[in-house]
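# With the sequence up front, the predicted model follows.
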Amino acid sequence: MSNTIREKFSSQAAPEVLAALRQIAEAQGRQFQAVLDEALRDYIDRQQQERPRRHVMESFASSVDEFDKLYRELAK
């Protein structure tokens with residue numbers, strides 16, 4: 001990832017969060033930035049996987065509305 005373009009940003013975090021990230025980086029012999037980048041990527045992945053997209057949920061709701069009677073019969 002050394003050729004990856006980086007963009008600087010400024011933010012704030014709880015001191016214990018930053019301390020934990022620094023400790024992980026030191027224990028693993030990695031740079032703080034690499035650990036922070038991995039943590040952000042993991043967070044993004046979890047958020048995108050855990051939440052169904054709106055159009056998927058709208059289609060599901062429409063299907064339930066349209067076929068509710070059939071679903072109830074099949075469940076018997």
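Thanks, I have the structure now.

# ok, and what's touching the lengthiest helix in the chain?
The helix that spans the most residues within the chain, counting by DSSP state H, is helix 54-75. The contact list for helix 54-75, computed with C-beta atoms under 8 Å, 6 or more residues apart in numbering, reads residue 52. Glycine gets a C-beta too; all of them are placed from N, C-alpha and C.

# For that helix, buried residues please.
By neighbour count with 16 or more other C-beta atoms under 10 Å, helix 54-75 contains no buried residues.

# With stretch 20-27 instead?
Residues 21, 25 are the ones in stretch 20-27 that count as buried (16+ other C-beta under 10 Å).

# Tabulate the CA atom coordinates of it in CSV.
Included here for stretch 20-27 are C-alpha records, laid out as CSV according to Å, rounded to 0.1, in the frame of the first residue of the first chain:
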residue,chain,number,x,y,z
ALA,A,20,-5.4,1.8,22.1
LEU,A,21,-4.6,2.3,18.4
ARG,A,22,-1.1,3.5,19.2
GLN,A,23,-0.6,0.5,21.5
ILE,A,24,-1.8,-1.9,18.8
ALA,A,25,0.5,-0.3,16.2
GLU,A,26,3.5,-0.6,18.6
ALA,A,27,2.7,-4.2,19.5
